[in-house]
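Peer 1: output the structure for:
(chains A and B)
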Amino acid sequence: MLRIVVCVKQVPDVAEIRIDEVKHTLIRTGVPSILNPFDEFAVEEAVKIRDAVGGEITVVTMGPMQAKDALYKCLAMGADRAVLLCDAKFAGADTWATSKTLAMTIQKIGYDLVICGMKAVDGETCQVGPEIAEILGIPHVSYVKRVEVKGDGKSLLAERSTEEGHQLINCSIPCLLTASKALNIPRVPTVINQMMAKKKPIETFTAETIGAEKDQVGLAGSRTQVVKVFTPNLRSGGGKIMNADDLQGSVTELLELFKKEGIKR
Amino acid sequence: MSDNSSGVWVVGEQRGSQLATVTLELLTVGRSIADNLKEELSVLLIGPESGDTIRILEDYSPDNIILITGEETQHYLTEIHSDSIASLVEKNRPSVILFPATYDGRDTAARLAARLQVGLAADCTEVRVDETGRFVQVRPAFGGNLMATINQPITRPQLATLRPHIVKPVKPTKKISPRIQRVTAVPASSGYQKTVLKTVREVADESGNLDEAEVVIGVGRGLGGKDKLTMVNQLARLMDAAVGGSRGVVDAGWLPHNQQIGLTGRVISPKLYLALGVSGAVQHLVGVRTAKEIVAVNTDPEAPIFKVATFGIVGDMFKVVPLLIKELETKSPIESTVQAK
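Peer 2: Numbers count the residues shown, from 1 in each chain, chains lettered A, B, ... in the order given. Now for the predicted structure:
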């Protein structure tokens, strides 16, 4: 029986975030929280693998109590068990502290295969998966677009995106995978499954549960420090917009722009 | 931990037997950081050694060139890369290591950071030494809505991945003859089995490399169908551009997933982004926010893409693109003299 652990994150729906143009801060009120889209690919693949070779899926997230909503969605998609890592000590964690916390949790739960989304759409680091794998001392394959777990559950074949194409990798289990968008099309849970999911228990772990010292997790365990946060010089756009009347003229002007930018030819 | 660390390292990347441009960009940034910190600059390259690599690297005046070779470096394999660099770090104690924010660069950097139990600032758009002599990193978050300045106060080395294109490669005027060191890659752990069965390069297709291209052409639903890509690809060839598309285009199956530009696809920073028939959903705009110039062609004057465009044409892409192709073809170097008359 394959023990699959999927790490997920609840994120603000980044597409809905607006900037307060006066205060130069993020307007987060009214921005819905969602399950990180890349984690949906991870959960979907876990369900497929379990249904094919047998096993149990545990989803894990670190966050405040309301992060339970993300876990309910995973349960509705087919996960068996859900763990919420919720403790004031976990607050302010950077990628190292997050990875350490998740790795300690995965160790405690017991695992064969760990799957993460390739990145979270809020932080966008692509780091947590590989860092967890290194801490657990297992190999990983990132940016996975296709995976096939061998029937004996002892190894898998994974196709991984690279800068210029892809790699086909054979890897022993235990290992960790990070899911890319090309991996699958996540199922949309039915209303009944959503209702059933809400009735399932969610286990809550604290720093004590996973045996973490205060200085290993959260802000205290972090290696990076945010010195300053600021809004970027937003693209004002405000460029010249030509209408369709004189296409040849527009194109000529566009070619001037290419020339100015040193675009080839 | 922070005591006697010294040296700025950049980890280069190759495409086949060619140095990736991002390696030269990293060397340019690295030179400036090293000079400001008054430390040496080293470049690490992992993989089979090829012809003029050393000569090209020498032009960028690193103090050291470290080549990590061996049978196991034939294919990119994360654990071999991170273990090999880790063993050099333990011996030489650098203070800063810069990686490209590419698939492999991010992959190795994260694994190495965890191994060394140090921090890593991902996808930086700027790194510098501040007035107090600290190495600081600037990176976008929340889909580029926010920028954060990051510092790694305690642990060394300080790791960062840098987005391609944040600087132009510049050869320093002061020439240094670098010391060249060759080391063998650390063998794979016996604790597990991981083998690359094959590495497939797909650059031959029309898509180009979205992360590294200076010019990216993005197509939207306005394209109308997969067959219309022929025209777009022709323009892309003339402009030396990579081709990507909106979520709608990818969902329609006109382009593969790895060519999706936007929040759930690729975040790109080209010099010029040419959006053809792209309406400009927020999640798409977030993915091109850091492009220097955004040129939009769309029949709908109300399309949101025009709000961020530095140049826009309200018009039919099927009229604009052929005109562009015609102009660019006549302007090709061979015929330019005729054209000038």
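Peer 1: show the low-confidence segments of the stretch 1-150 of chain B, by residue range.
Peer 2: B:1-3 (pLDDT under 70).
Peer 1: do a quick rundown of the strands in it.
Peer 2: All strands of the stretch 1-150 of chain B, identified by DSSP state E, counting those that start in this stretch, fall at B:8-11, B:14-15, B:18-19, B:41-46, B:64-69, B:96-100, B:120-124, B:126-129, B:135-141, B:146-151.
Peer 1: skipping its backbone neighbours, what lies nearest the closest residue to chain A within the stretch 51-200 of chain B in space?
Peer 2: Among all residues of the stretch 51-200 of chain B, B:Gly119 sits closest to chain A, at 3.1 Å; criterion: Cβ to the nearest Cβ. In short, each C-beta sits where N, CA and C put it, glycine included. Spatially, and ignoring its direct neighbours in sequence, B:Gly119 is nearest to A:Arg223 (3.1 Å; Cβ to Cβ, 6 or more residues apart in numbering or on different chains).
Peer 1: check B:His257 too.
Peer 2: Counting by Cβ to Cβ, 6+ apart, the residue nearest B:His257 is A:Ala182, at 3.7 Å.
Peer 1: phi, psi for that neighbour please.
Peer 2: Note on A:Ala182: backbone dihedrals following degrees, to the nearest 10 are phi -70, psi -10.
Peer 1: ok, it - contacts?
Peer 2: A:Ala182 makes contacts with A:Lys145, A:Arg146, A:Ser161, B:Pro256, B:His257, B:Asn258, as judged by Cβ atoms under 8 Å, 6 or more residues apart in numbering or on different chains.
Peer 1: for chain B, what is the nearest residue in the stretch 101-250 of chain A?
Peer 2: As assessed by Cβ to the nearest Cβ, chain B sits closest to A:Arg223 within the stretch 101-250 of chain A, at 3.1 Å.
Peer 1: which helix is the longest one in the chain?
Peer 2: Since no chain was named, I'll use chain A. Looking across chain A with DSSP state H, the single longest helix is helix A:37-53.
Peer 1: oops, wrong one, chain B.
Peer 2: The single longest helix within chain B, with elements called by DSSP H, is helix B:21-37.
Peer 1: check which helices and strands that helix sits against.
Peer 2: strand B:8-11, strand B:41-46, helix B:53-58, strand B:96-100, strand B:126-129, strand B:158-162 (3 or more Cβ pairs under 8 Å, 6 or more residues apart in numbering or on different chains; DSSP states H and E).
Peer 1: including distance to chain A and mean neighbour count, could those go into a markdown table?
Peer 2: As requested, those are arranged in a markdown table below (distance: least, Cβ to the nearest Cβ, whole Å; neighbours: other Cβ atoms under 10 Å in any protein chain shown):
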| stretch | distance to chain A | mean neighbour count |
| --- | --- | --- |
| strand B:8-11 | 14 | 28 |
| strand B:41-46 | 14 | 24 |
| helix B:53-58 | 17 | 16 |
| strand B:96-100 | 9 | 28 |
| strand B:126-129 | 11 | 18 |
| strand B:158-162 | 9 | 29 |
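Peer 1: now B:Val98: closest residue in space, sequence neighbours ignored.
Peer 2: You called it Val, but residue B:98 is Leu. Nearest to B:Leu98 is B:Val10, by Cβ to Cβ, 6+ apart, at 4.7 Å.
Peer 1: bridged to that neighbour, which residues?
Peer 2: Applying DSSP bridges to B:Val10 yields these beta-bridge partners: B:Val43, B:Leu98.
Peer 1: before we move on, what about A:Thr25?
Peer 2: A:Asp20.
Peer 1: that one contacts B:Phe142, doesn't it?
Peer 2: No - using Cβ atoms under 8 Å, A:Thr25 makes no contact with B:Phe142, being 11.1 Å away.
Peer 1: neighbour-wise, which of these two wins?
Peer 2: Neighbour count, other Cβ atoms under 10 Å in any protein chain shown: between A:Thr25 and B:Phe142, B:Phe142 has more, with 22 against 14.
Peer 1: contacting residues around that one?
Peer 2: With Cβ under 8 Å, 6+ apart, B:Phe142 has these contacts: A:Pro12, A:Val14, A:Ile17, A:Leu26, A:Asp122.
Peer 1: what about 7 Å?
Peer 2: A:Val14, A:Ile17, A:Leu26, A:Asp122 (Cβ atoms under 7 Å, 6 or more residues apart in numbering or on different chains).
Peer 1: for the nearest residue to the first one once chain neighbours are set aside, phi and psi?
Peer 2: By that I understand A:Val14. Nearest non-adjacent residue to A:Val14, counting by Cβ to Cβ, 6+ apart: B:Gly143, 4.1 Å away. Torsion angles at B:Gly143 (phi, psi; degrees, to the nearest 10) stand at phi 60, psi 30.
Peer 1: dump the residue contacts of A:Lys73.
Peer 2: With Cβ under 7 Å, 6+ apart, A:Lys73 has these contacts: A:Leu35, A:Pro189.
Peer 1: where does it land in three-state SS?
Peer 2: Classification of A:Lys73 using DSSP: H, G, I helix; E, B strand; the rest coil returns helix.
Peer 1: how near is it to chain B?
Peer 2: A:Lys73 is 16 Å from chain B, where distance means Cβ to the nearest Cβ, to the nearest Å.
Peer 1: now do A:Lys100
Peer 2: 8 Å.
Peer 1: hang on, isn't that residue packed against A:Ile135?
Peer 2: Yes - if you go by Cβ atoms under 7 Å, A:Lys100 and A:Ile135 touch, sitting 6.1 Å apart.
Peer 1: quick one: pLDDT of the closest residue to A:Leu85 other than its chain neighbours?
Peer 2: Counting by Cβ to Cβ, 6+ apart, the nearest residue to A:Leu85 once its immediate chain neighbours are dropped is A:Met62, at 4.0 Å. Model confidence at A:Met62, given as pLDDT, is 97.
Peer 1: how about A:Pro189, what does it touch?
Peer 2: A:Lys73, A:Ala76, A:Met77.
Peer 1: one more: B:Leu324?
Peer 2: A:Val251, B:Leu235 are the contacts of B:Leu324 under Cβ under 7 Å, 6+ apart.
Peer 1: alright, calling it a day.
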